[in-house]
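Enquirer: dropping a prediction and its sequence here:
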Amino acid sequence: MSTAGIFTALLAGIVVGALGRLLIPGRQAIGWILTFVLGLVGAFVGGFLAEGMDMDVWWQVLIVQAVVAAILVLLVNSLIRGQVTKRRHGAV
C-alpha cells in the first residue's frame with residue numbers, strides 16, 4: 001500500500017467512524033475510540049482488498065475502504081450489543 005493509500009485509509013476510517021456514530025440513533029454499544037479504531041482497521045483491510053482487485057482509481061479504493069470499514073463497525077457493534085442484551089436479560 002502506498003503512502004497515499006495509507007493516508008486515504010486513515011481519512012476513510014475516521015470519516016466512516018464519525019458517520020456511523022451520527023447515523024445510528026440512540027446509545028451505542030461501543031465508544032467513539034473503538035468506533036474510530038474499527039473504522040481505521042476496516043479502511044486498511046479495504047485498501048489491501050482494493051489493491052488485490054487491481055483498483056487504482058482513488059475513488060474506487062475509497063468506496064471499498066468505506067464499505068469494509070462500515071461492515072466491520074456494524075458487526076462489532078452488533079456483537080457487543082448482543083452480549084450486553086443477553087447479560088441484562090439474565091441469559092447465559
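Expert: Sure, I can see it. Numbers count the residues shown, from 1 in each chain.

Enquirer: all contacts plus neighbour counts: C-alpha atoms, from now on.
Expert: OK.

Enquirer: next, the buried residues of the helix or strand residue 71 falls within.
Expert: Per DSSP states H and E, residue 71 falls inside helix 58-88. Across helix 58-88, burial judged by 16 or more other C-alpha atoms under 10 Å covers 61-70, 72-74, 76-77.

Enquirer: cool, and stretch 36-55?
Expert: 36-51.

Enquirer: nearest to residue 18, of those residues?
Expert: Of all the buried residues of stretch 36-55, residue 36 has the smallest distance to residue 18: 7.3 Å, by C-alpha to C-alpha.

Enquirer: buried residues in stretch 2-15, which are they?
Expert: Here stretch 2-15 shows 5, 8, 9, 10, 11, 12, 13, 14, 15 as buried, counting by 16+ other C-alpha under 10 Å.

Enquirer: which SS class is the last one?
Expert: Assigned with DSSP: H, G, I helix; E, B strand; the rest coil, residue 15 falls in the helix class.

Enquirer: so what pLDDT did it get?
Expert: At residue 15, the pLDDT value in this model is 78.
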